[in-house]
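Student: Next one to model:
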Amino acid sequence: MSRIGKQPIPLPKGVKVQVAPGTVKVEGPKGKLELAPHPAMTVVHDDKSQTIQVTRPDDERQNRSLHGLTRSLIANMVEGVSKGFEKKLKIEGIGYQARMDKKTLVLVVGYANLVEMPPPEGVTVELPDPTTIVIKGADKQKVGQYAAEVRKVRKPEPYKGKGIRYDNEQVRRKEGKSFASGA
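Tutor: Alright, predicted model coming up:
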């Protein structure tokens, strides 16, 4: 039995769940999310204990893998609509900065043109200061994907460390050219 898949998903206060054939809808203070689980997986909502349980039909290899995946996706939906997800990015480099133009993130990271990145629906961007970007949202996949796209604009380079990095990311630094006196 899958260790992750067999665990029940507890529902915090203020989170409503609707389980219909082919869809699972989760609604909370931070938003609404919907998932279409694999047809082989059975999702059951228990009103008394306020939990969601995912079961699989048999121990076939694909069903075992889908069991844990489905449970994790639903657990992330529940966490997203109750607490939300957040990614922090730091910009390092002289003259590198970010700003908001209406709802679009504008990056100044050493290119001739400004890089404009509108966030997807359900994702918000905050700038506490010009070198810090905070990406928030209820959908873990959308928050992570948008953060990865922003980082991809100017990845941190290994010599000076300039670029956009995650807040807790360690960048391996390389030594530059060394001019040895040749004789």
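Student: now stretch 151-162: mean pLDDT?
Tutor: On average, the pLDDT along stretch 151-162 is 92.
Student: go on, stretch 35-49?
Tutor: On average, stretch 35-49 scores 91.
Student: That stretch: which residues count as buried?
Tutor: Within stretch 35-49, the residues that qualify as buried are Pro37, Met41, Val43, counting by 16 or more other Cβ atoms under 10 Å. All C-beta atoms are positioned from the backbone trio N, CA, C, and that covers glycine.
Student: In strands, which of the residues you listed appear?
Tutor: Val43 (DSSP state E).
Student: Return the member of the buried residues of stretch 35-49 nearest to Val17.
Tutor: The shortest approach to Val17 among those belongs to Val43, at 9.2 Å (Cβ to Cβ).
Student: Bridge partners for that closest one, pull those for me.
Tutor: Residues in a beta bridge with Val43, per DSSP bridges, are Val54.
Student: remind me which residues of this protein are low pLDDT?
Tutor: Low-confidence segments of the chain (pLDDT under 70): 1-2, 180-183.
Student: Run through the helices of it in chain order.
Tutor: 61-82, 140-153 (DSSP state H).
Student: any idea of the angle the first one forms with helix 140-153?
Tutor: Helix 61-82 and helix 140-153 are oriented at 80 degrees to each other (axes from the mean of the first three to the mean of the last three Cα atoms, to 10 degrees).
Student: ok, back up a step: out of the buried residues of stretch 35-49, which is nearest to Glu60?
Tutor: Met41 (12.2 Å).
Student: most centrally placed residue in the protein?
Tutor: Nearest residue to the geometric centre of the chain (Cα atoms, centre = their mean): Gly144, 2.7 Å.
Student: okay, now the nearest residue to that residue once chain neighbours are set aside: neighbour count?
Tutor: Excluding its sequence neighbours, the residue lying closest to Gly144 (Cβ to Cβ, 6 or more residues apart in numbering) is Lys87, at 6.6 Å. Neighbour count of Lys87, defined by other Cβ atoms under 10 Å: 20.
Student: OK, contacts around Lys87?
Tutor: Val134, Ile135, Val143, Gly144, Ala147, Tyr166, Asp167 (Cβ atoms under 8 Å, 6 or more residues apart in numbering).
Student: which one of these sits closest to Glu60?
Tutor: Closest approach between the contacts of Lys87 and Glu60, by Cβ to Cβ: Gly144, at 29.7 Å.
Student: do you know how far that closest one is from Pro39?
Tutor: 26 Å (Cβ to Cβ, to the nearest Å).
Student: can you check Lys88 too?
Tutor: 38 Å.
Student: what about the residue nearest to Gly176 when sequence neighbours are not counted, how many residues close to it?
Tutor: In this structure, Gly176 finds its nearest non-sequential neighbour in Tyr159, 5.8 Å apart by Cβ to Cβ, 6+ apart. Tyr159: 10 surrounding residues under other Cβ under 10 Å.
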